[in-house]
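coordinates only, sequence not included:
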């Protein structure tokens with residue numbers, strides 16, 4: 001079973017005519033700190049970097065190296 005992470009995503013500004021213009025913050029539930037984003041791509045990077053860290057941690061704890 002793959003562990004999942006829960007996030008709180010707060011969107012403060014979004015322009016309907018500019019979908020790339022998305023401003024807000026991301027918090028991972030149970031962890032301190034927030035990460036800000038100013039575009040959809042930055043939000044995607046924040047969420048993907050957290051997923052990569054989980055994958056790497058899991059691989060190292062099982063004895064595999066990536």
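On my side now, so go ahead. Just so it is clear, the structure is predicted and the values come from calculations on it, not from any experiment.

any idea how far residue 29 is from residue 43?
Relative to residue 43, residue 29 is positioned 16 Å away (Cβ to Cβ, to the nearest Å). For every residue, glycine as well, the C-beta is placed using N, CA and C.

those two: which is more packed in?
residue 43 (20 against 8; other Cβ atoms under 10 Å).

isn't there a strand covering that one?
No: using DSSP: H, G, I helix; E, B strand; the rest coil, the assignment for residue 43 is helix, not a strand.

and the pLDDT for it?
pLDDT, residue 43: 94.

does residue 6 really touch residue 29, like I thought?
Yes: using Cβ atoms under 8 Å, residue 6 is in contact with residue 29, at 4.0 Å.

where in this structure is pLDDT low?
By pLDDT under 70, the weakly predicted segments of the chain are 1-3, 50-66.

counting by contacts, list what the strand ranked longest in it packs against.
Longest strand in the chain by number of residues (criterion: DSSP state E): strand 18-28. For strand 18-28, the packing partners by 3 or more Cβ pairs under 8 Å, 6 or more residues apart in numbering; DSSP states H and E come out as strand 7-15, strand 35-39, helix 40-61.
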